[in-house]
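>>> Structure, please.
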Amino acid sequence: MTNLWEFDLVGIFEVNESDPVYGGDEQVFINHDYFEETRAWGKGTVGNYIVKVKNKSDNEKIAKEIDKMFANSFNETKTSTESAFSKMFAEQVGDIGFIMNSILSAVFFTMLLVTGNTMSQAVRERTSEFAVFKTIGYSDRTILSLVLCESIVICLVSMALGIILSFLVFLGISGDLSEFAGDIAFEYSVILWALVAALLMAMISGLPPAVGAMRLKVVDALRKD
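Model (predicted):
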């Protein structure tokens, strides 16, 4: 048995947007008899059938009817929607949710360290400025608020840039992803969670240097300068 398959290219098709073909135009159709004769295993069997339902509300009902037809047979079926099938297929690789959450947690922690270091460095470089602010009458609470506001602005601007870039990427790949994951959308909840994460990062990374600036002694700060 050879691994070399020979084909004659007899035509190229294009997908009509008004009546799309499952899988799009990035696929090849071959003669089934030739495939059946040449393949080394699984002869006489089929891996998947694609069933198109007129009404989406009947998906579950029709899936149960199909599975009932082949129940207790040598070839029992498991009928599901495209999105459920894609999710099940992806879970064979591993717990995708856990993997993604682990990656995002590591990224968040790294960004937290970077932001905290940036804010601490900024406060150290402006020690004399904060001393002058206190000299001319700025209260400790005002100094604390100034540093926290600066941290919040940095995180919110970064969040806005990230949302814009991710939305542009989403527009580019959403069409391809929908074939495997079903209908997906860039929901407002994504922006809400990003806002919460940005504010949380701003408070955690900005609070220590802000407290340090608030407790700054004017005499000590001017002497260091």
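
>>> next SSE after whichever helix or strand residue 128 is part of?
Using DSSP states H and E, residue 128 falls within helix 127-135. Downstream of helix 127-135, the next assigned helix or strand under DSSP H and E is helix 140-181.

>>> Buried ones in whichever helix or strand comes after that next one, by neighbour count?
Downstream of helix 140-181, the first helix or strand assigned by DSSP H and E is helix 188-214. Within helix 188-214, the residues that count as buried by 16 or more other Cβ atoms under 10 Å are 194, 197-198, 201-202, 205-207, 209-214. For the C-beta atoms, the positions are set from N, CA and C on the backbone; glycine is no exception.

>>> ok, back up a step: for the helix holding residue 128, buried residues please.
Residues of helix 127-135 classed as buried: 127, 130-131, 133-134 (neighbour count, 16+ other Cβ under 10 Å).

>>> Name the nearest of these relative to residue 152.
Of all the buried residues of helix 127-135, residue 152 sits closest to residue 130, with 17.8 Å by Cβ to Cβ.

>>> So the closest one is in contact with residue 143, correct?
Yes: contact criterion Cβ atoms under 8 Å: residue 130 and residue 143 qualify, at 5.8 Å.

>>> Would you mind splitting the chain into its domains for me?
1-79, 96-224 (automatic domain parsing).

>>> Once you drop chain neighbours, what's closest to residue 152?
Nearest non-adjacent residue to residue 152, counting by Cβ to Cβ, 6 or more residues apart in numbering: residue 202, 4.3 Å away.

>>> give me every residue that touches that neighbour.
By Cβ atoms under 8 Å, 6 or more residues apart in numbering, the contact list for residue 202 reads 115, 148, 151-152, 154-156.

>>> can you check residue 36 too?
Here residue 36 is in contact with 43-44 (criterion: Cβ under 8 Å, 6+ apart).

>>> What separation do you get for it and residue 102?
Separation of residue 36 from residue 102 (Cβ to Cβ, to the nearest Å): 44 Å.

>>> pLDDT at residue 2, what is it?
For residue 2, the pLDDT comes out at 57.

>>> With residue 182 instead?
For residue 182, the pLDDT comes out at 55.

>>> in which helix or strand would I find the residue nearest in space to the middle of the chain?
Residue closest to the average C-alpha location in the chain (Cα atoms, centre = their mean): residue 100, at 7.7 Å. Assessed by DSSP H and E, residue 100 sits inside helix 96-125.

>>> Show me what that helix packs onto, helices and strands only.
helix 140-181, helix 188-214 (3 or more Cβ pairs under 8 Å, 6 or more residues apart in numbering; DSSP states H and E).

>>> In contact with the nearest residue to residue 140 once chain neighbours are set aside, which residues?
Excluding the flanking residues, the one nearest residue 140 by Cβ to Cβ, 6+ apart is residue 214, at 4.5 Å. Going by Cβ under 8 Å, 6+ apart, residue 214 touches 140-141, 143-144, 147.

>>> Would you mind listing which of these are buried?
The buried subset of these - by 16+ other Cβ under 10 Å - is 143-144, 147.
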